[in-house]
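# Curious how this folds, go ahead:
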Amino acid sequence: MADLPTGTLEIFIFRLNNWSVEKEKIFIEKLKEYDLYDFSTPYSVPNHPEIKGIYFIPAEIDAVTRVRKLSLENTSIEVKTFGSYDPNNIPLSIFGISKQGIPISYIIIGIVLLILLLGVLK
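Residues are numbered from 1 along each chain as shown. All right, here's what the predicted structure looks like:
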């Protein structure tokens, strides 16, 4: 995982959709055109190396405006902006990852066992 900035309160996260090596090269050229290349840093989603094309910049108004402008003006690449987040508290749900809860089948089996247990005790 890339080193997260320590002096910045928030970071702005954006993603190159439909990631490929060719699109990433085009994207890097676009970052250079918009003077964002020096500020942008690739972000590796913890425990999910299959998710690629995530970048972040310091959440400064000028840099965020340039990223939004890049995402709106370019048709050769598709850039999705997620927003500003605390670097130590980035929700995985923005990347399409949900926390695993108790499967519904376990809940149903538990209810059935509870009904059977109560029926046996009567």
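# How far off centre is stretch 55-73?
Its chain's C-alpha centre and that of stretch 55-73 lie 16 Å apart, by C-alpha atoms, centre = their mean, to the nearest Å.
# whoops, stretch 49-62 was the one
Averaged C-alpha coordinates place stretch 49-62 at 8 Å from its chain's average position (C-alpha atoms, centre = their mean).
# Which parts of this protein are helices?
Remark: helices of the chain, listed N- to C-terminal, are 21-33, 61-73, 104-121; assignment by DSSP state H.
# Can you list the buried residues in the last one?
Taking 16 or more other C-beta atoms under 10 Å as the basis for neighbour counts, none of the residues of helix 104-121 comes out buried. Using the backbone N, CA and C atoms, a C-beta is placed for each residue, glycine as well.
# For the most centrally placed residue in the chain, give its distance to V79.
With distances taken as C-alpha atoms, centre = their mean, F95 lies nearest the centre of the chain, 3.6 Å away. Counting by C-beta to C-beta, to the nearest Å, the gap between F95 and V79 amounts to 15 Å.
# Pass me the low-pLDDT residue ranges in the chain, would you?
Under the criterion pLDDT under 70, the flagged ranges of the chain are 1-8, 98-100, 122.
# mind running it again at 50?
Using pLDDT under 50 as the threshold, the predicted model of the chain has low-confidence ranges 1.
# Compare the helices of the chain and give me the one nearest N47.
helix 21-33 (22.0 Å; C-beta to C-beta).
# Can you give me every residue that contacts the residue lying closest to R66 once chain neighbours are set aside?
Sequence neighbours aside, Y34 is the residue nearest to R66 in space, at 4.8 Å (criterion: C-beta to C-beta, 6 or more residues apart in numbering). Contacts of Y34 were listed using C-beta atoms under 8 Å, 6 or more residues apart in numbering, and they are 66-67, 69-70.
# Of those, which pair is most distant in space?
The distance between the two most remote of those (C-beta to C-beta) is 7.3 Å, for V67 and K69.
# who's in contact with S76?
Remark: with contacts taken as C-beta under 8 Å, 6+ apart, S76 is in contact with I26.
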